[in-house]
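Asker: okay, sequence plus prediction incoming.
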Amino acid sequence: MTRRLLAACLILAGCGDAADLEPEVVGYDQLYAQIFATTCTGAVCHSGAGAGGLSFDDADLSFAALVGTSPDNDAAAADGLLRVAPGEPERSFLLTKLTPGADLQARGYGAPMPRAGVSRPGTHARQAIRDWIDAGAPRRGGATWTNDREPLDDYVRCDAADEAGLQACFAPPPPGYLRRYSPILEIPPASEIILCTPIGAPLESRLRMRRFATQQMPGGHHVSLFASDEPTADPSPRECDLDDMLNLRIVGIGIDPFPEGLALEVEAGQQLVLQSHYINATLEPLRVMDAVDLEVVDDGYAITDTFAISDVAFQIPANATVERKAVCTIDETMQIHLLMGHAHELLTHFTVTHVPLAGSPRLLYEEDDGATLRNNAEVALYDPPLVLSPGDRVEVTCAWTNPTDHLVEFPEEMCAAVSYYTPARGFLGCVGENGVPLEVGGSGIGGAGCRLPDAPGNALGVGETCARASDCEDNGEATFCLATFVPEANFCSIILCHDDAECGPGAVCLAAGPGSACVPEGACVDALSGFSP
């Protein structure tokens with residue numbers, strides 16, 4: 001029996017006992033309970049009479065109104081679509097309306113569903129709906145579905161307590177890889193901690209590597225590899241502070257597979273630093289260690305670097321759903337070879353979309369489970385690479401649902417897209433609703449700016465020339481170097497000011513997006529007047 005004939009039999013209760021079969025897919029009753037009843041109903045959506053004559057208040061009525069019926073949208077009906085066409089997902093208007101990037105407006109199909117501010121069915125939910133339609137849209141199915149995923153557990157478990165014993169618990173490195181261990185890390189009970197640990201002396205020659213593989217012990221969240229151009233002789237782990245986050249250049253984020261023909265590079269004189277993130281949910285201290293393996297290569301590779309687009313200014317009120325978008329406008333031609341997302345558990349929908357200066361938007365990446373993005377995000381490889389041209393936009397959209405009784409902000413939650421790109425010009429960051437790629441951290445900070453070299457600050461220190469966060473230490477009240485975020489703003493500042501009086505003589509309090517900072521009058525005000533983080 002063909003799939004289409006089986007679909008017709010199931011709907012019309014014909015073909016003998018076919019209507020009593022329960023196909024090995026999720027049936028409508030479960031999809032209704034887990035997706036449609038919670039996502040599609042609302043005062044201005046599909047409740048009561050229902051927008052477009054479709055209501056999801058009742059499972060029986062909504063099933064009858066969906067399956068095999070024509071949509072109220074004239075353009076969709078003229079194109080031969082049904083609300084749900086059993087056995088034909090591509091002819092099903094329901095699935096089309098739920099699919100991001102479907103270019104609905106151009107086809108006269110109206111707005112995407114659901115509306116902004118509602119937790120959207122994501123990748124896995126839409127696949128369950130597609131499979132249901134493909135199997136003939138049965139009322140009941142023989143399979144179960146849940147959006148919950150089993151937590152990833154690939155920790156290295158070890159009973160040893162000394163350094164040699166802990167090292168012996170790790171699997172040996174692959175052939176040709178350079179193995180490095182962290183020292184013993186002490187994680188206090190009931191705590192979350194991010195530790196920065198210098199690894200070895202400053203490099204005597206440049207280091208090129210293709211892969212950065214990591215192993216952690218129970219409680220580990222991630223290990224990232226950074227490079228610092230301010231080496232230290234103290235190898236002790238320390239809690240990462242603001243200076244670390246702004247002055248360290250990210251090198252490796254443990255991505256595998258890695259794009260072919262590319263390598264990451266750390267310059268001679270820089271020092272490798274491990275960032276180890278651990279969450280100890282127990283009431284006992286943890287004594288753990290990390291192992292990292294670097295695949296070192298020669299000169300036969302093109303150099304790539306990291307490009308991140310993020311939103312750090314969001315606020316998610318208690319018991320609320322919030323959706324926001326970070327937008328980065330490309331300034332120079334870039335080739336994207338790899339892309340992945342990062343968020344935490346409250347995230348319910350994540351997309352990355354390429355909006356060319358000329359052409360239709362293209363959905364690049366999507367995930368609907370924050371735990372997956374936090375612990376085991378999918379990696380998208382591009383071969384040939386994805387070309388971003390000047391004027392193109394990359395939009396990163398995040399939706400969160402906060403079931404807690406407190407406000408959630410960055411860094412408790414996150415929203416970031418991370419990629420590797422060529423031609424490399426440093427670690428690039430793009431922040432906020434109107435960002436452009438800017439070089440962040442390491443030796444890339446401190447280029448041409450609005451302040452002359454060695455310019456002094458005012459009585460509070462505002463305006464003293466800086467290139468990195470440490471340059472503003474012991475600088476009166478102006479201890480924050482804005483060059484870490486905006487290269488043109490190469491001066492020490494007081495952030496989160498409220499009025500000019502807080503900034504001292506010759507400086508003003510300039511607001512930018514959700515933040516504010518003290519800025520010397522003149523060229524620096526002009527340089528920052530259009531900046532929005």
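Answerer: Perfect, thanks for sending it. Note that the coordinates shown come from a computational prediction; the quantities given were computed from them, not determined experimentally.
Asker: report the beta-bridge partners for the residue lying closest to Leu496 once chain neighbours are set aside.
Answerer: Excluding its sequence neighbours, the residue lying closest to Leu496 (C-beta to C-beta, 6 or more residues apart in numbering) is Ser516, at 5.9 Å. (Each C-beta comes from the backbone N, C-alpha and C, glycine too.) Under DSSP bridges, the beta-bridge partners of Ser516 are Ala511.
Asker: Ser516 touches Ser493, doesn't it?
Answerer: No - taking contacts as C-beta atoms under 8 Å, Ser516 lies outside contact range of Ser493: 9.7 Å.
Asker: of the two, give the one with the bigger neighbour count.
Answerer: Neighbour count, other C-beta atoms under 10 Å: between Ser516 and Ser493, Ser493 has more, with 31 against 19.
Asker: what comes up buried for the longest helix anywhere in the chain?
Answerer: Of all the segments assigned as helix in the chain under DSSP state H, the longest by residue count is helix 123-134. Of the residues in helix 123-134, Thr123, His124, Ala125, Arg126, Ala128, Ile129, Arg130, Asp131, Trp132, Ile133, Asp134 count as buried by neighbour count, 16 or more other C-beta atoms under 10 Å.
Asker: now do the helices in the stretch 1-150 of the chain.
Answerer: Using DSSP state H, counting those that start in this stretch, the helices of the stretch 1-150 of the chain run over 3-12, 28-31, 37-39, 59-66, 74-78, 93-98, 104-107, 123-134.
Asker: how many residues are close by Val396?
Answerer: 25.
Asker: mean confidence score for whichever strand or helix holds it?
Answerer: According to DSSP states H and E, Val396 maps onto strand 393-402. For strand 393-402, mean pLDDT rounds to 94.
Asker: now it - C-alpha only, PDB.
Answerer: Output of strand 393-402 as PDB, limited to C-alpha atoms (Å, rounded to 0.1, in the frame of the first residue of the first chain):
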ATOM      1  CA  ARG A 393      23.800  40.900   8.200                       C
ATOM      2  CA  VAL A 394      24.000  37.900  10.500                       C
ATOM      3  CA  GLU A 395      21.100  37.700  12.900                       C
ATOM      4  CA  VAL A 396      21.200  35.600  16.100                       C
ATOM      5  CA  THR A 397      17.800  35.200  17.700                       C
ATOM      6  CA  CYS A 398      17.300  33.700  21.100                       C
ATOM      7  CA  ALA A 399      14.100  33.000  23.000                       C
ATOM      8  CA  TRP A 400      14.000  32.000  26.700                       C
ATOM      9  CA  THR A 401      11.300  31.000  29.100                       C
ATOM     10  CA  ASN A 402      12.200  31.700  32.700                       C
END
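Asker: in the stretch 1-150 of the chain, where is pLDDT below threshold?
Answerer: The stretch 1-150 of the chain contains residues with pLDDT under 70 at 1-23, 41-52, 100-105, 111-112, 114-122, 145-150.
Asker: try 90 this time
Answerer: Residues of the stretch 1-150 of the chain that meet the criterion pLDDT under 90 lie in 1-27, 29-62, 65, 72-76, 95-128, 140-150.
Asker: likewise for the stretch 401-533 of the chain?
Answerer: Checking the stretch 401-533 of the chain against pLDDT under 90 turns up 403-404, 409-414, 424-456, 465-474, 480-490, 495-498, 510-517, 521-533.
Asker: now the strands for it?
Answerer: Assigned by DSSP state E, counting those that start in this stretch, the strands in the stretch 401-533 of the chain fall at 408-409, 415-422, 428-431, 438-439, 480-481, 492-493, 507-512, 515-520.
Asker: which residues of the stretch 201-350 of the chain fall in strands?
Answerer: Taking DSSP E, counting those that start in this stretch as the test, the strands found in the stretch 201-350 of the chain are 207-215, 220-228, 238-239, 249-252, 262-266, 271-280, 286-288, 291-296, 302-303, 305-310, 315-316, 320-329, 334-343, 347-355.
Asker: oh, that last question was meant for the stretch 51-200 of the chain, not what I typed.
Answerer: Along the stretch 51-200 of the chain, counting by DSSP E, counting those that start in this stretch, strands occupy 177-181, 185-187, 191-199.
Asker: export those strands to TSV and tack on mean neighbour count and distance to Val525?
Answerer: What follows is these, written out as TSV (neighbours: other C-beta atoms under 10 Å; distance: least, C-beta to C-beta, whole Å):
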stretch	mean neighbour count	distance to Val525
strand 177-181	15	46
strand 185-187	19	45
strand 191-199	18	35
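Asker: out of those strands, nearest to Ala37?
Answerer: The closest of the strands of the stretch 51-200 of the chain to Ala37 is strand 191-199. By C-beta to C-beta, the value is 35.4 Å.
Asker: just list the residues touching Cys158, thanks.
Answerer: Cys158 makes contact with Gly165, Leu166, Cys169, Met217 under the criterion C-beta atoms under 8 Å, 6 or more residues apart in numbering.
Asker: now a PyMOL select for only the buried ones of those residues.
Answerer: Buried subset of those, written as a PyMOL selection, criterion 16+ other C-beta under 10 Å:
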select buried, resi 166+217
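Asker: can I assume Ala128 is in contact with Leu31?
Answerer: Yes - assessed by C-beta under 8 Å, Ala128 is found in contact with Leu31 at 6.5 Å.
Asker: pick the most buried one from the strands of the stretch 401-533 of the chain.
Answerer: Of the strands of the stretch 401-533 of the chain, the one with the most neighbours on average (mean count of other C-beta atoms under 10 Å) is strand 492-493, at a mean of 30.
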